[in-house]
Every structure is written in structure tokens, then in C-alpha cells.
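[1] This is a predicted model, with the sequence first.
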Amino acid sequence: MIDFELTDEQKWVVENVRKMAAKEFAPTIQEDDIKGHYAPDTFSKLAKMGVTGICFPEKYGGAGMDYISLGLACEELEYVDTSLRTILSVHVGLSGCGIYQWGTEEQKEKFLKPMAGGEKFGVFGLTEPDAGSDVAGMKSYARKDGNHYVLNGQKIWISGADYADLFLVFAYTNKEKKHEGISAFILERGMPGLSTFTLHNKVGIRAGNVGGIVMQDVKVPKENLVGEEGEGFKIAMSCLDNGRFTVAAGSTGLIRACLDASIKYAKERKTFGKPICDYQLVQEMLAKMAANYDAAKLLWLRAGWLKNKGMRNTRETSLAKWLGTVSAFEAANDAIEIHGAYGYSDEYPVGRFLRNAKGEVIYEGTIEVHKLIQAEYVLGYRKDKELRRRLPAYEPAQSPQKIAAP
Ligand SMILES: Cc1cc2nc3c(=O)[nH]c(=O)nc-3n(C[C@H](O)[C@H](O)[C@H](O)COP(=O)(O)OP(=O)(O)OC[C@H]3O[C@@H](n4cnc5c(N)ncnc54)[C@H](O)[C@@H]3O)c2cc1C
């Protein structure tokens with residue numbers, strides 16, 4: 001049976017994250033974006049809202065909610081700005097779920113718990129200067145040295161890098177084995193040889209921090225190896241199944257923001273003696289935004305439903321991410337069209353929406369990468385193998401912690 005009704009708990013998430021985001025972030029976001037300013041208290045505000053551990057069980061310091069609640073929080077945050085949702089994507093989706101799925105009990109206790117509670121900000125370091133879509137092109141290397149690994153290399157385009165406490169990074173432990181020679185490690189800020197930096201003047205997501213990680217002979221205890229040696233590629237791809245889910249869910253917030261801004265403007269702006277919302281060519285753009293919102297939302301809800309059941313969702317999540325982000329970009333482009341010249345200025349948020357949308361189209365798999373994934377499925381070239389560790393299915397909490405009310 002398929003149920004399209006949100007549970008009371010999910011409705012609570014929508015209502016409260018919406019109100020909190022409107023109160024805590026909306027008043028300053030346009031100015032932060034214009035100045036390219038990341039407000040350093042952003043993560044702690046998200047922690048106070050209760051979303052930094054939203055889908056993790058209470059025993060790991062989480063709120064014990066389901067993956068659809070995670071998606072709903074992402075939608076509400078991205079309604080205000082993509083930079084806010086990106087924090088949840090890297091902290092909960094990519095690194096947190098990665099540790100939850102693949103980490104040992106000790107790692108969950110030591111790393112996931114403080115992440116869920118919002119005391120530590122976790123990020124995800126896969127991309128390198130010469131390796132984005134082609135993950136196996138990475139150069140980072142981890143040499144085994146007794147009870148340690150010694151990591152060298154550089155990661156680039158890492159969301160939150162300059163403010164993170166924990167870094168889930170990937171490096172070769174055996175280059176000859178290619179994909180099967182990559183391993184995953186948790187790095188902690190303060191480890192000698194580990195440094196970070198910020199990238200300035202990005203096209204979009206300007207209220208967010210994106211930067212790089214430099215590893216120069218970083219000694220990492222073997223207890224910080226996630227999964228087995230050589231499982232890093234599989235781990236990275238399963239992390240992407242979760243990160244992409246949050247991006248897909250966030251994209252519906254962006255589409256809705258474009259639609260709301262466009263409806264408001266189209267009702268106010270008059271040309272040739274009539275509000276522009278009365279012109280069918282303008283209505284067509286609004287109708288497309290509304291249709292794409294529903295289509296994108298149904299796609300990520302399906303992926304969330306699969307996650308709740310602990311089922312493999314690589315194909316469904318990839319599709320939701322691809323179509324959701326492309327629809328968000330199209331919605332933002334049309335929103336500028338509806339705003340005319342005013343849309344081409346910082347006076348209205350729609351220019352920010354377009355710049356942000358392009359970022360999410362690129363990260364966590366470009367359009368081309370997702371088309372290739374989908375084609376591989378339909379051609380039968382891609383067969384999902386059973387993973388050694390699945391993302392645990394949702395288990396309702398005994399006493400679910402609610403999202404903080406504003
Ligand atoms: C704002 C932002 C935040 C990011 N945050 C993170 C993060 O937190 N962590 C992280 O690890 N990374 C992050 N990234 C990096 C992002 O994941 C990569 O940029 C993305 O995977 C693409 O890699 P690339 O930029 O190296 O492009 P490339 O892989 O060099 O691709 C360039 C172009 O070639 C196309 N292409 C490549 N291979 C093929 C092919 N086989 N067939 C057809 N076309 C192909 C691509 O689709 C693209 O159009 C972020 C990026 C941005 C912009």
C-alpha cells in the first residue's frame with residue numbers, strides 16, 4: 001500500500017524547520033550571499049534546531065526520525081538557501097550516513113554521536129584537483145606504518161572544509177588495484193599535517209563555505225579506517241546515494257522558492273495595463289515550475305521510502321537528483337525571465353537561486369554522470385551487488401525527539 005500522507009512527526013518537521021529557517025537565516029541570507037559571507041554560527045544554529053542528527057537513532061545522539069524527515073528538512077532549508085541544505089548534505093547525508101552504515105560501534109560512539117548532537121561538523125572529501133567524476137583518478141595516498149596510516153594528498157571543492165571538525169576522506173592504499181585499492185578514513189582537525197582553506201568568488205552557494213583539505217604526512221590511527229582496506233570506492237558510492245538524496249530533496253525547496261517569488265512578482269508587475277500573471281506565456285512558466293515540483297518531489301519521496309525500508313536505491317536516488325536539480329535550474333531561469341530586468345539584479349532573490357541551482361547540478365554527479373548511470377541500468381550493464389553493510393532501515397524511536405520549536 002502506498003500512503004501519500006505525511007505522518008504527524010513529518011508534518012512537525014516541515015512546520016518547525018520552515019519557521020526556524022525563516023527566523024534564523026532568511027533575514028540575512030541575501031546579504032550574506034552578496035558578500036560571499038559564511039556565517040560561522042550556521043552549523044550551531046542547525047544543531048539547535050535538531051537537524052544535525054535527524055535520521056540517526058537516539059543511541060547515536062540522533063533525533064530518531066526517518067529518511068523522509070531528513071528530506072523534508074532539506075527541502076525547507078533549501079527554500080531559504082542552498083548553502084544551508086548543503087551543510088546537511090555533507091554532514092548528515094555524506095559523512096554521517098557513511099559512518100552510520102560502515103563504521104564500527106567504536107567509530108559511531110566516537111564520531112557519529114558528537115556529529116548527530118551538533119558538537120562536531122563532519123564533511124566529505126572525495127574530489128581532488130585532477131579527479132571529480134573520475135573518482136579512481138585520485139592521487140591521495142595512505143601508506144601503512146605500524147598502527148597508523150600516513151596520508152598525503154589534496155582534496156578540493158569540499159563543502160564546509162574550512163569549518164569542519166571531522167573529515168571522511170578517501171585515499172589509495174593500493175594503487176594497482178584501482179577502484180578496489182581505495183580506502184576511507186576519518187580525519188580529525190588538529191591532526192598534525194592536516195590543513196584546510198577556503199575557495200573564494202564562487203559563482204553560487206556564496207553564503208556557504210567551500211574549500212580544500214591538504215594532507216601532508218598526516219598520521220591517522222588504524223582505528224580511523226572506515227570499513228576494510230580497499231572498500232573505499234564502495235563506501236564513497238554508498239555515501240553518494242545518501243548525499244544525492246538530500247540534494248534531490250533540497251532541489252524541491254529551490255523550485256518552490258522560485259515558484260513563490262514568481263507568483264508574487266507576476267501578480268504585482270503590470271505591462272500593457274494588466275498584471276503579467278494574466279498572460280498565458282507567463283502562466284506556462286509557472287505551470288512548469290508547479291509540475292516539476294511535484295515530479296521531483298515524488299521521485300525523492302520514493303527514494304526516501306526505499307531508504308526507510310533499508311532497500312538499495314542507487315538508481316532511484318540518481319534519477320531524483322538529476323531531474324530535481326535540472327528542474328530547479330530551469331525554475332530559477334524562468335523565475336528570472338518572469339522578473340525581467342529586476343530578476344537580473346540582487347534586489348530580488350531569483351538571481352541567487354539560479355547561481356545556487358547550477359552548483360547543485362554539478363555536485364554529487366553531473367548531468368552526464370547521472371545519464372550514464374541511468375543508461376547503464378536500462379542496458380543491463382549495471383547490476384547492484386549486495387553491500388557488506390547496508391544503510392540501516394528506519395526503526396521508529398521509542399521516544400522521538402522533536403525538532404526544536406521556534
Ligand atoms: C559548490 C560545490 C560543492 C562541492 N562540494 C563537494 C564536497 O563536499 N565533497 C566532494 O568530494 N566534492 C565536492 N564538489 C565537487 C563535485 O562533486 C565535482 O565538481 C563533480 O563531481 C564534478 O567533478 P569535476 O568538477 O572534476 O568535473 P569533471 O569530472 O572534470 O567533469 C567535467 C565535465 O566533463 C563531463 N564528463 C566527465 N566524464 C564524463 C564522461 N565519462 N562522459 C561524459 N561526460 C563526462 C562532466 O559531466 C562535466 O561536464 C563540490 C563542487 C561544487 C561546485
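    Arrived safely. Residues are numbered from 1 along each chain as shown.
[2] Report the mean per-residue pLDDT for stretch 328-346.
    Averaged across stretch 328-346, pLDDT comes to 98.
[3] you'd agree Leu187 is in a helix?
    No: read with DSSP: H, G, I helix; E, B strand; the rest coil, Leu187 is strand and lies in no helix.
[4] how close does the residue lying closest to it once chain neighbours are set aside get to the ligand?
    With sequence-adjacent residues excluded and distances taken as CB to CB, 6 or more residues apart in numbering, Leu187 is closest to Phe167, at 4.2 Å. Using the backbone N, CA and C atoms, a C-beta is placed for each residue, glycine as well. In this view, Phe167 and the ligand are 10 Å apart by CB to the nearest ligand atom, to the nearest Å.
[5] so what pLDDT did Phe167 get?
    98.
[6] same deal with Gly250?
    For Gly250, pLDDT reads 98.
[7] State the helix or strand in which it lies.
    With secondary structure defined by DSSP states H and E, Gly250 is part of helix 232-268.
[8] In the stretch 1-150 of the chain, which residue sits closest to the ligand?
    Residue of the stretch 1-150 of the chain nearest the ligand, by CB to the nearest ligand atom: Gly132 (1.9 Å).
[9] Is there any residue in whichever helix or strand Met215 is part of that contacts the ligand?
    Using DSSP H and E, Met215 sits within strand 210-221. Yes: Strand 210-221 lies within reach of the ligand by CB under 6 Å from any ligand atom, at Val210.
[10] and that strand, which residues are buried?
    Residues of strand 210-221 classed as buried by neighbour count (16 or more other CB atoms under 10 Å): 210-215, 218, 220.
[11] now do stretch 101-116
    Buried residues in stretch 101-116 (16+ other CB under 10 Å): 101-103, 107-108, 110-116.
[12] returning to what we had before: taking the mean pLDDT, what do you get for the helix or strand following the helix holding Gly250?
    Using DSSP H and E, the next helix or strand after helix 232-268 towards the C-terminus is strand 270-271. Mean per-residue pLDDT for strand 270-271: 98.
[13] Contacts for strand 270-271, please.
    Strand 270-271 has contacts (CB atoms under 8 Å, 6 or more residues apart in numbering) with Ile276.
[14] Next secondary structure element downstream of that strand?
    Trace forward from strand 270-271 with DSSP H and E and the next one is strand 274-275.
[15] Walk me through which strands that next one pairs with, and which way each runs.
    Using DSSP bridges, the strands paired with strand 274-275 are strand 270-271 (antiparallel).
[16] Figure out how far the strand it pairs with is from the centre of its chain.
    Computed by CA atoms, centre = their mean, to the nearest Å, the separation of strand 270-271 from the middle of its chain amounts to 39 Å.
[17] The residue nearest to Leu187 touches Ile213, doesn't it?
    Yes: here Phe167 reaches Ile213: they are 5.9 Å apart, a contact under CB atoms under 8 Å.
[18] which neighbours do those two share?
    Between them, Phe167 and Ile213 share these contacting residues under CB under 8 Å, 6+ apart: 125, 155, 158, 161, 187, 194.
[19] quick one: contacts for the first one?
    Spelled out, that is Gly125. Gly125 makes contacts with 155, 158, 161, 167-170, 187, 213, as judged by CB under 8 Å, 6+ apart.
[20] which of the residues you listed tops the neighbour count?
    Compared across the contacts of Gly125, Val169 has the highest neighbour count, 31 neighbours, by other CB atoms under 10 Å.
[21] ok, back up a step: ok, now how distant is the residue of the stretch 1-150 of the chain closest to the ligand from Gly351?
    26 Å (CB to CB, to the nearest Å).
[22] if you count what's nearby, which of those two comes out ahead?
    More crowded of Gly132 and Gly351, by other CB under 10 Å: Gly351, with 22 against 18.
[23] got a list of what the more buried one touches?
    Contacts of Gly351 by CB under 8 Å, 6+ apart are 336, 343-345.
[24] again, but for Ile403
    Per CB under 8 Å, 6+ apart, neighbours of Ile403: 12-13, 16-17, 20, 49-51, 54, 63, 73.
[25] re earlier: for the contacts of Gly125, which one is nearest Asn224?
    The nearest member of these to Asn224, counting by CB to CB, is Leu187 at 7.2 Å.
[26] Would you confirm that the closest one contacts Asp165?
    No: look at Leu187 against Asp165 with CB under 8 Å: they stay out of range, at 9.9 Å.
[27] got the contact list for stretch 241-250?
    67, 70-72, 74-75, 77-78, 82, 85-86, 88-90, 92-94, 97-98, 101, 124, 296, 299-300, 303-304, 307, 313-314, 317-318, 320-321, 324-325, 360, 363-365, 391.
[28] That stretch vs the ligand: in contact?
    No: Stretch 241-250 stays clear of the ligand (CB under 6 Å from any ligand atom), getting no nearer than 8.2 Å.
[29] Now that stretch: buried residues?
    Result for stretch 241-250 [16+ other CB under 10 Å]: buried residues 241-250.
[30] Need those in JSON lines (columns: distance to Ala331).
    As requested, the buried residues of stretch 241-250 are exported to JSON lines (distance: CB to CB, whole Å):
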{"residue": "Asp241", "distance to Ala331": "25"}
{"residue": "Asn242", "distance to Ala331": "24"}
{"residue": "Gly243", "distance to Ala331": "22"}
{"residue": "Arg244", "distance to Ala331": "19"}
{"residue": "Phe245", "distance to Ala331": "20"}
{"residue": "Thr246", "distance to Ala331": "19"}
{"residue": "Val247", "distance to Ala331": "15"}
{"residue": "Ala248", "distance to Ala331": "14"}
{"residue": "Ala249", "distance to Ala331": "15"}
{"residue": "Gly250", "distance to Ala331": "13"}
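[31] The ligand contacts on the protein?
    90, 123-127, 132-134, 157-159, 205, 210, 359, 362-364, 366, 368-369.
[32] same thing but at 5 Å, please
    Residues of the chain that fall close to the ligand, judged by CB under 5 Å from any ligand atom: 90, 124, 126-127, 132-133, 157-159, 205, 210, 359, 362-363, 366, 368.
[33] Which residue is the nearest non-sequential neighbour of Phe124?
    Nearest non-adjacent residue to Phe124 (CB to CB, 6+ apart): Leu94, at 3.7 Å.
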